[in-house]
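[1] My questions are about this predicted structure, shown below with the sequence.
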Amino acid sequence: MKVLGIETSCDETSAAVADGPRRVLSNVIHTQIAQHQPYGGVVPEVAARSHVERLPGIVEEAMRRAAAGWDGLDAVAVTSGPGLATSLLVGVAAAKAFAIRTGRPLISVHHLDGHLYSVFLDPAFPEPLRGAEGLALLVSGGHTSLVRIRDGRRAGLLGATLDDAAGEALDKGAKLMGLGYPGGPAVEKTAAGGDRDRHAFPRGLGPGTQNAPCGGMRRDLCFSFSGLKTALLYHLRGHPEDLDPARGLPHLAASYQEAVVDALIARVRRAADLTRPAFLACAGGVARNRRLREKLGMFAASAGLPLMLAPPEFCTDNAGMIAAAAAAGLGTPVDPPGALEIRPTWPLPVEEGA
Amino acid sequence: MAPGTTEHRVSGVEGTHALAAALAADLRPGDAIALHGDLGAGKTTFVQGLGAALRVREPVTSPTFTLVNEYRGALTLYHVDLYRIDGEAEAVDAGIGDCLSAGGVTLVEWAERAPGLMPPGTIHIDIEPGSDEESRVIRIRRGERP
């Protein structure tokens, strides 16, 4: 089954062709980071315009690299949410057009199902585990979720952030430290050689989220990063000298990054204790963070669990994971294709009785 | 301080939440709130207090990526972040204008990015850090209701 995938939920314009659920033949990604860098974050208007300009060429390139002909396609898959409305619209409109023109079915894919499926795109994923129960941490600039996996697909949401996403905490922390955008890589680079234990930043639910509604999720599996940003702000008010790149800054960045990573690991540990998975998985843009990979590895080893990390090329937003997820049956066919609507907010169903 | 402004010195999350709840009790369908304050000042805490007072049962999360989050409570709450919006036209393109006319309560962070968007009668809330990490100075100013 050959699937053309399209992903434009935020600031990456991407098209890909998958041949069945395991083989991504092409995965063309144009990242707009340079266009958004002057603004310190994704500018919706700039993103949408860039998607419109780039997507046709990127689809052509994906088809060319896959040596796929339009007649050889079996389906068109697209991310229809969650994401930026103005960005999603571009990909969905294009996917509808391709589906109608080729007469092939249109498959709507949840962006997080794509990320979740990306861990199965690792060729080294052990066969016996493909159908097993797993626990996945999905971390990016816009999402922070703990998801239970069963039979290679999402079984239910166990926990999520109650305020900011982990990547957003890194972006906003980087901004407070004057480190530029995107924040994750900037903090990681600055933190190299810094003392991770120099400053103690909060890792738990702050006082603001101790009574916040959890939407049916267990509170001790939910994340909160808003208080961390406030703690950094107040630290800098008292210690502006820590912004000195030659002295305090590496320690500050290392301690801040450590707090984000520790907060993630603590929930993974608790969820693993509760659900007893056969493997751990991690995907999303922040899954590229080396300190997170290292600490997940340490925990997985101590718990005796295999750790499956999404291959780096499938960590940031990409259409390869969308096409493959659709080929694996993780999407929803939409008939007629014109009926597909975007879902900028699209919460995952919470796992019952977790 | 501009006429009609009230100034509140609050302590802890409870103080911020209590003030947000007092404001929520006075809200009517169609009200717009502009929330001002720097990164880390405590805007999230205020919005979560407002959501709780409006009996929103889901987590009130950051709208930085999505621009708009919508919650069903006693009134529909639209939580908007205009940080990366430049001007009224972009805000309208992103659907913010629809929120303001939808009969709920629209709370806008970084409204200064599109000042012409906010209707007369907008409630302006400024949050500033107080003398210590726990305390905040919150100023509330309400324009004339049309």
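    Noted; the coordinates are in hand. As the structure is a computational prediction, the values presented were derived from the model and not from experiment.
[2] Number of residues surrounding residue 129?
    No chain was given, so I picked chain A. Other residues within reach of residue A:129, judged by other C-beta atoms under 10 Å in any protein chain shown, total 18. In this view, the C-beta of every residue, glycine as well, is placed from N, C-alpha and C.
[3] wait, chain B
    For residue B:129, the neighbour count with other C-beta under 10 Å is 18.
[4] Is it bridged to anything, and to what?
    residue B:136 (DSSP bridges).
[5] give me phi/psi at residue A:199?
    For residue A:199, the backbone dihedrals (degrees, to the nearest 10) come out as phi -120, psi 140.
[6] Any residues of the stretch 151-300 of chain A in contact with chain B? List them.
    A:160-165, A:168, A:172, A:175-176, A:206-209, A:211-215, A:222, A:226, A:229-234, A:237 (C-beta under 8 Å from any C-beta of the partner chain).
[7] Let's see the ChimeraX selection covering just the buried ones among the residues you listed.
    Selection of buried members from these for ChimeraX, criterion 16 or more other C-beta atoms under 10 Å in any protein chain shown:
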select /A:160,161,162,163,164,165,168,172,175,176,206,207,208,209,212,213,214,215,222,226,229,230,231,232,233
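[8] Just the ones of the residues of the stretch 151-300 of chain A next to chain B in strands?
    Among those, the members falling in strands (DSSP state E) are residue A:160.
[9] Grab the longest helix from the chain for me.
    Picking chain A for this. In chain A, assigned by DSSP state H, the helix with the most residues is helix A:249-275.
[10] was after chain B, sorry
    helix B:12-25.
[11] same for it, what does it pack against?
    Secondary-structure packing of helix B:12-25 (3 or more C-beta pairs under 8 Å, 6 or more residues apart in numbering or on different chains; DSSP states H and E): strand B:5-11, helix B:43-53, strand B:135-142.
[12] Please name the nearest non-neighbouring residue to the most centrally placed residue in chain B.
    Central residue of chain B (C-alpha atoms, centre = their mean): residue B:107, 3.6 Å from the mean position. Distances taken as C-beta to C-beta, 6 or more residues apart in numbering or on different chains put residue B:33 closest to residue B:107, at 4.5 Å, once the chain neighbours are dropped.
[13] right, and the one you found touches residue B:126 too?
    No. Judged on C-beta atoms under 8 Å, residue B:33 makes no contact with residue B:126 at a distance of 11.6 Å.
[14] Show me where chain A has its strands.
    Here chain A has its strands, by DSSP E, at A:2-7, A:12-19, A:23-31, A:75-81, A:106-110, A:134-139, A:144-150, A:153-160, A:279-283, A:307-309, A:332-334.
[15] and residue 76, what does it touch?
    Since no chain was named, I'll use chain A. The neighbours of residue A:76, taking C-beta atoms under 8 Å, 6 or more residues apart in numbering or on different chains as the test, are A:3-6, A:95, A:98-99, A:102, A:104-107, A:337.
[16] please go with chain B instead
    The contact partners of residue B:76, taken as C-beta under 8 Å, 6+ apart, are B:70, B:102, B:103, B:104, B:105.
[17] Point out where chain A drops to low pLDDT.
    Applying pLDDT under 70 to chain A flags the ranges A:353-354.
[18] what about the residue nearest to residue B:107, how many neighbours?
    Neighbours around residue B:33, by other C-beta under 10 Å: 25.
[19] go on, residue A:60?
    12.
[20] and what of residue A:68?
    18.
[21] Go ahead and confirm it touches residue A:2.
    Yes. Residue A:68 is in contact with residue A:2 according to C-beta under 8 Å; the separation is 6.1 Å.
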